[in-house]
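In: only geometry, no sequence info:
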Ligand code: SF4
């Protein structure tokens, strides 16, 4: 049986695509290699959203050239956004690559590998499925050790926005939506197999519209609002049709589509946790205009305030780019003041880098690298201070944590002894100590927060949660962290 391995770079969309590649390859008779160096087929699922991510691919291919030379029948596949962006050029530039596959061509992977095995030439397949979009469903995990408390479900792909810094519309194509019936069926299957939390995925996830027109208008939706979508209606349908789902998250929303209907859904649906990741990118109207974000700072603040008023205790996180062309000290100061004003509890910050095929290429990349670096450091100082104060404020409280895996070996933050880890509804990471004898995987447990670490909470089960927990089966399968499902990370792409 041929063996394969997949290395994933980038965002959740890529993590999800890699999961689908695992499914497609396993169904075609391939087995996963324990060690990538032992694989017959190695897939690099790439990211092109930042220049650094693309450089990583080039150095990885350089390293793998030796792996290929050892056994020339091995197959090196490049998938994902760099594959879509560069296509055949990659085959010409890096001779070690045998195949280039775009995100929409994952289902064709086994057939293309078969062609290569029969002596076919290196091939690039990067065709968007605009006419008949395909969305590969996740296979519910099998077996006790494969329990997956969290899962991603794609509801749309592509992007019709044209943010001037972003290559995604080029690498992922125009927006295409998945029928709500399919989405609900996939989530119901996952929940029946033990999944507790689903994250809906899409580049602008809250621009969703049902392509079959199967959703009624959501309460609060205005037909005259150009930013209105059917996303709130989809959330309501999932909540109604899959009552066993404990938590429903989504990433990445665009601030434009944070409309009254979506805010009302957050106020009314208990399945929506009290956390939203809402990329803002800059706090300066001048920069937002040049980024073609299509909202102002005041509009962003007004919408997040309305959301926070509707959902007491809500926490917000965001993405910010520093050093965008023409960004002055005043512009950057406006970004820092926005971070303080909104009080983000999490932040992904990036230095602007020129990306191929983007409108911003017409602007001079005029902020020096050292200035970008200094601004990024100041941004992180600001956000770390906010997060630290927030986490400190939770010490002594009780929280509900969805347990996602075990951390026995890792001893986070110098506090060895943590065993289980998961997320609160507000997305804080929590490490649960002193429950070695219990099987908490996939449980939502009540914990008492005993300490704040730099980026996480240290907690203990409450007495009631301990009394209700299942004992761990000795000698059975280790419940361990489900294969390839890391704690969900926030988006660095999309929205
Ligand atoms: S940043 Fe988000 S909304 Fe803007 S073009 Fe990229 S994917 Fe689309």
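Out: On my side now, so go ahead. Everything numeric in this text was worked out from a predicted model, so none of it was measured.

In: in the host helix or strand of residue 234, what's buried?
Out: Using DSSP states H and E, residue 234 sits within helix 231-241. Along helix 231-241, these residues count as buried under the neighbour rule (16 or more other CB atoms under 10 Å): 231, 232, 233, 234, 235, 236, 237, 238, 239. (C-beta placed from N, C-alpha, C; glycine too.)

In: output the longest helix belonging to the chain.
Out: helix 369-394 (DSSP state H).

In: from the contact counts, what lies against the helix holding residue 234?
Out: The contact analysis (3 or more CB pairs under 8 Å, 6 or more residues apart in numbering; DSSP states H and E) places helix 231-241 against helix 180-192, strand 247-251, helix 260-268.

In: the shortest one and the ligand, are they touching?
Out: No. Using CB under 6 Å from any ligand atom, strand 247-251 stays clear of the ligand, coming no nearer than 10.9 Å.

In: that strand pairs with which strands?
Out: Strand 247-251 has the following strand partners under DSSP bridges: strand 197-201 (parallel).

In: is the ligand contacted by the strand it pairs with?
Out: No. Using CB under 6 Å from any ligand atom, strand 197-201 stays clear of the ligand, coming no nearer than 12.0 Å.

In: now swap in stretch 354-367 and tell me
Out: No. Using CB under 6 Å from any ligand atom, stretch 354-367 stays clear of the ligand, coming no nearer than 8.9 Å.

In: please point out which parts of that stretch sit buried.
Out: Quick answer for stretch 354-367 (16+ other CB under 10 Å): 355, 358, 360, 363, 365, 367.

In: which one of those residues is nearest residue 435?
Out: Residue 435 has its nearest neighbour among the buried residues of stretch 354-367 in residue 355, at 45.3 Å by CB to CB.

In: A helix includes that closest one, no?
Out: No. Residue 355 is assigned coil when assessed by DSSP: H, G, I helix; E, B strand; the rest coil, not a helix.

In: can you tell me the SS state at whichever residue of the stretch 301-450 of the chain sits closest to the ligand?
Out: Distances between the stretch 301-450 of the chain and the ligand by CB to the nearest ligand atom are smallest at residue 319, namely 8.3 Å. Secondary structure, three-state DSSP: residue 319 is strand.

In: that one: how many residues sit nearby?
Out: Look at residue 319: counted by other CB atoms under 10 Å, it has 21 neighbours.

In: how about the longest helix of the chain: buried residues?
Out: Buried residues in helix 369-394, counting neighbours by 16+ other CB under 10 Å, are found at 371-372, 375-376, 378-379, 382-383, 386-387, 390-391, 394.

In: determine which two of the residues you listed are furthest apart.
Out: Pairwise distances across these (CB to CB) peak at 35.4 Å, for the pair 371 and 394.

In: that older thread, identify the farthest-apart pair in the buried residues of helix 231-241.
Out: 231 and 239 (12.8 Å).

In: ok, so of the buried residues of stretch 354-367, who is nearest residue 11?
Out: For those, the nearest to residue 11 is residue 355 (14.5 Å; CB to CB).

In: got the residue ranges for the strands in the stretch 201-350 of the chain?
Out: Using DSSP state E, counting those that start in this stretch, the strands of the stretch 201-350 of the chain run over residues 247-251, 275-277, 315-322, 346-351.

In: on that earlier part again, and of the buried residues of helix 231-241, the nearest to residue 462?
Out: Distance to residue 462 across the buried residues of helix 231-241 (CB to CB) is lowest for residue 239, with 27.4 Å.

In: what sits against that closest one?
Out: For residue 239, the contact set (CB atoms under 8 Å, 6 or more residues apart in numbering) comprises 245, 248, 269, 270, 271.

In: verify the stated contact: the third one with residue 233.
Out: Just to be clear, that refers to residue 269. No. Using CB atoms under 8 Å, residue 269 makes no contact with residue 233, being 11.7 Å away.

In: now do the contacts for the closest residue to the ligand within the stretch 201-350 of the chain.
Out: Scanning the stretch 201-350 of the chain for the residue nearest the ligand gives residue 203, at 4.1 Å (criterion: CB to the nearest ligand atom). Neighbour list for residue 203: 13, 156, 157, 158, 159, 168, 172, 175, 252, 493, 494, 495 [criterion: CB under 8 Å, 6+ apart].
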